[in-house]
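> structure for the following, please:
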Amino acid sequence: MKKRGFTLVELLAVIVILGLIALVTVPAISGLIKSGKEDLSESQKKTVELAAKNWASDIKNVSLLPKEDGASICVKLSTLQSTGYADLEIKNPKTGKNYTMGYVIIGRSGKSLTFEANFQSNGYGCK
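Numbering: from 1, shown residues only. Here you go, the predicted structure:
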């Protein structure tokens with residue numbers, strides 16, 4: 001009479017192999033998730049900078065833009081959202097919560113404008 005089934009040693013060997021596979025893959029996957037969140041945050045930052053560029057090129061009151069080399073202005077994310085240039089919520093990649101404050105510093109460097117987006121959750125920054 002033949003017995004069908006697996007022995008305890010065979011089952012333990014399979015469990016050990018699956019455990020080793022999990023040990024190798026879990027850190028790699030968590031690293032990919034972290035990297036993806038940081039990439040998303042950087043992408044959102046570039047999108048807001050592009051929205052500020054569009055806002056700066058479309059505004060009627062050009063006197064709002066910096067005129068002198070080294071001068072800068074601060075445009076709040078809420079301003080870009082209320083005028084229809086930005087409609088996304090920016091998430092902190094570490095906490096997953098939305099930033100409560102965001103702004104873009106528009107500076108003058110020679111004849112061109114520079115744009116740098118900043119996001120904060122503490123409410124400081126652009127006044």
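
> in this protein, which residue is closest to the centre?
With distances taken as CA atoms, centre = their mean, the residue of the chain nearest its centroid is Ser41 (0.6 Å).

> where's that residue, which helix or strand?
Element membership for Ser41, per DSSP states H and E: helix 8-58.

> contacts for whichever helix or strand comes after that helix?
Once the chain leaves helix 8-58, the next helix or strand it forms, by DSSP H and E, is strand 72-76. Strand 72-76 is contacted by residues 52, 55, 64-66, 101-108, 125-127 when judged by CB atoms under 8 Å, 6 or more residues apart in numbering. Quick note: C-beta positions are derived from backbone N, CA and C, even for glycine.

> before we move on, what about stretch 25-33?
Here stretch 25-33 makes contact (CB under 8 Å, 6+ apart) with no residue beyond itself.

> related to what we said a few turns ago, got a quick PyMOL command for the buried subset of the contacts of strand 72-76?
The command below creates a PyMOL selection of those among the contacts of strand 72-76 that count as buried (16 or more other CB atoms under 10 Å):
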select buried, resi 52+55+65+66+101+102+103+104+105+106+107+108+126
